[in-house]
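Prediction below, plus the sequence it came from.
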Amino acid sequence: MAHEKLTEIEDLVRELSSEIMQVYRWVAEQAGLNQTDLMSLYFISRSNGSATPKSLAERLGLTTGATAILLNRLEKRGYVVRNPHPTDRRGVLLSLGQATRDHQFASLRERLYRVNADVIAELSPDEATIVRNFIARIAANTREALQHMRTAEDNAEGNKPT
């Protein structure tokens, strides 16, 4: 029974992830962005002013070069602003640019928030706490597992003969 429950929940989480990615793909296309661009904006918006190019690269699994190209593209279009770090002369903090506040982009963001608003509103406070905790734990565990997989891959590549 425990294995069946695990399989069922894992399948539902994968299905949910797939459906969410389809919605994000649509939102990104409507905004003239790709999914990596959109995920970058989401990461920056959730970072409370602490996003750096390095933390963005680590989160997205990008090289520093790919991250620089991404940031140049987003900055040129007004989606991202690079700000001097207040305590590190060479450091940069990332924030959202004016383009994320423009009517069309804000409208897309509102549509995204409304996708599941009715379902979430139906939760009792206790149910909302359980769901919030479950999703937060799954997200943190998945993020940690991905970091371990990336580290193991990097270590394996470093051990390969040249």
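Thanks, I have the structure now. Numbering: from 1, shown residues only.

tell me the mean pLDDT for stretch 114-126?
Averaging pLDDT along stretch 114-126 gives 95.

repeat for stretch 14-28
Stretch 14-28 comes out at a mean pLDDT of 92.

Can you tell me what sits against it?
34-35, 37-39, 108-109, 111-112, 115 (CB atoms under 8 Å, 6 or more residues apart in numbering). (Glycine included, C-beta is placed from N, CA and C.)

Quick check, pLDDT for the spatially most central residue of the chain.
In the chain, the centroid-proximal residue (CA atoms, centre = their mean) is residue 39; its distance is 4.3 Å. pLDDT, residue 39: 92.

Please list all residues in contact with it.
Residue 39 makes contact with 24, 60 under the criterion CB under 8 Å, 6+ apart.

run the last query once more with 10 Å
With contacts defined as CB atoms under 10 Å, 6 or more residues apart in numbering, the neighbours of residue 39 are 21, 24, 28, 33, 56, 59-60.

what's the answer for residue 10, then?
residue 138.

Tell me the secondary structure at it.
Per DSSP: H, G, I helix; E, B strand; the rest coil, the secondary structure class of residue 10 is helix.

Repeat that for residue 82.
With three-state DSSP as the basis, the three-state label of residue 82 is strand.

if you skip the residues just before and after it, what's nearest to it?
Nearest residue to residue 82 in three dimensions, chain neighbours excluded: residue 92, at 4.8 Å (CB to CB, 6 or more residues apart in numbering).
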